[in-house]
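# Pasting a predicted model and its sequence here:
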Amino acid sequence: MPYIGNPQINVDTKSWLFTGNGIDTEYILSGFPSLNNSSTGRDLFVQVNGVLLVSPNHYDFDYPSKKVTFVTPPALNSTVLIRFMYIN
């Protein structure tokens, strides 16, 4: 809630949904929001079959290429959900 001397901040969320094939470890986040500063893997919420993963133990994020690389490929038919929250 904004108050005198404190501007209102708007937070948006962008999500990507993939299906694992047991082979691919790289996932490109198309339509990644333009930001004034770069992001790291710790700025993402990455889940595989509902389990929240931790960067860099389970995945890494390369901001320039907007690519998430998993240490181990998500299993066949697993649900990969990646979320990014940012201030606009």
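Looks like it came in fine.
# give me the number of residues near residue 34?
By the measure other Cβ atoms under 10 Å, the count of residues near residue 34 is 6. Where you see a C-beta, it was placed from the backbone N, CA and C, and this is true even at glycine.
# what does residue 65 give?
Applying the criterion other Cβ under 10 Å, we find 12 residues in the vicinity of residue 65.
# Residue 9: which element?
Under the assignment given by DSSP states H and E, residue 9 is not contained in any helix or strand.
# residues in contact with it?
The contact partners of residue 9, by Cβ atoms under 8 Å, 6 or more residues apart in numbering, come to residue 87.
# per-residue pLDDT, it?
At residue 9 the predicted local distance difference test score is 71.
# repeat for residue 58
Predicted confidence (pLDDT) for residue 58: 95.
# List the contacts of it.
Contact partners of residue 58, counting by Cβ under 8 Å, 6+ apart, are 46, 70-72.
# ranking those by neighbours, who comes first?
Result: residue 46 is most packed of the contacts of residue 58 (other Cβ under 10 Å), 23 neighbours.
# I figured that residue hits residue 55, correct?
Yes: with the criterion set as Cβ atoms under 8 Å, residue 46 and residue 55 qualify as a contacting pair; they are 7.4 Å apart.
# next one: the host helix or strand of residue 13 to chain centre, how far?
In this structure, residue 13 sits in strand 11-19 according to DSSP H and E. Between the centre of strand 11-19 and the centre of its chain there are 7 Å (Cα atoms, centre = their mean, to the nearest Å).
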